[in-house]
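Colleague: Okay, here's the prediction I keep looking at, along with the sequence it came from:
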Amino acid sequence: MSREKFEAFVEKALSSLPSNFRKRLKNLSIMVESWPPGRDRGRLILGFYHGVPYPHRGPFYGNVTPDLIVIYQGPIESLCCSEEEVEEKVKEVVLHEIGHYFGLKEADLVRLEREISSKGRRKRSS
């Protein structure tokens with residue numbers, strides 16, 4: 001898949017966020033990279049958040065470099081069999097990393113993702 005198409009999926013995932021969340025995204029840079037550094041360590045990393053989570057920003061937070069979310073195209077594509085699957089996985093990864101931006105811990109994000117996916121399965125089976 002071209003980088004441009006993949007980046008369009010990232011943009012679409014961001015624009016699908018509720019407006020009250022999008023408005024709170026401040027000092028954040030989101031980029032796409034082909035593969036994570038050190039990818040030979042045996043872990044498949046799909047995305048990465050680096051920064052000061054939103055709830056930990058105090059009154060003196062400012063004049064700092066933007067937080068960074070990186071979405072890794074290669075690992076996501078390696079898990080998917082179609083463009084539709086890539087688009088869905090990109091949305092999942094973007095939401096996961098945005099969750100870290102808002103201060104959610106890994107266990108909380110995994111629980112939320114399970115709840116969301118089980119609700120989606122119930123809707124499809126109805």
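Modeller: Looks like it arrived, so ask away. Everything numeric in this text was worked out from a predicted model, so none of it was measured.
Colleague: now the residue most central in space within the chain, nearest residue through space, not along the chain?
Modeller: Against the mean C-alpha coordinate of the chain, by C-alpha atoms, centre = their mean, the closest residue is Val94 at 1.8 Å. Excluding its sequence neighbours, the residue lying closest to Val94 (C-beta to C-beta, 6 or more residues apart in numbering) is Ala13, at 3.9 Å. Quick note: C-beta positions are derived from backbone N, CA and C, even for glycine.
Colleague: Now name the helix or strand holding that neighbour.
Modeller: Here Ala13 sits within helix 3-15, counting by DSSP states H and E.
Colleague: any low-confidence regions in this structure?
Modeller: Low-confidence segments of the chain, defined by pLDDT under 70: 39-42, 116-126.
Colleague: ranges for the helices of it?
Modeller: Shown for the chain, the helices assigned by DSSP state H span residues 3-15, 19-22, 73-79, 83-101, 106-125.
Colleague: Surely Pro53 is in contact with Gly99?
Modeller: No: Pro53 lies out of contact with Gly99 (C-beta atoms under 8 Å); the separation is 9.7 Å.
Colleague: about what we covered before: what residues are up against the residue nearest to Val94?
Modeller: Ala13 is in contact with Val90, Lys91, Val94, Leu95, counting by C-beta atoms under 8 Å, 6 or more residues apart in numbering.
Colleague: give me that answer again for 6 Å
Modeller: Neighbouring residues of Ala13 by C-beta atoms under 6 Å, 6 or more residues apart in numbering: Val90, Lys91, Val94.
Colleague: do the same with Leu109
Modeller: Listed by C-beta under 6 Å, 6+ apart, the contact set of Leu109 reads His96, Gly99.
Colleague: And for Gln73?
Modeller: Phe6, Val32, Ser34.
Colleague: redo that, cut-off 8 Å
Modeller: Neighbouring residues of Gln73 by C-beta under 8 Å, 6+ apart: Met1, Arg3, Phe6, Val32, Glu33, Ser34, Trp35.
Colleague: Same question for Gly99.
Modeller: Going by C-beta under 8 Å, 6+ apart, Gly99 touches Asp108, Leu109, Leu112.
Colleague: and if we set it to 10 Å?
Modeller: Taking C-beta atoms under 10 Å, 6 or more residues apart in numbering, we find Gly99 in contact with Tyr49, Pro53, Lys105, Glu106, Asp108, Leu109, Leu112, Glu113.
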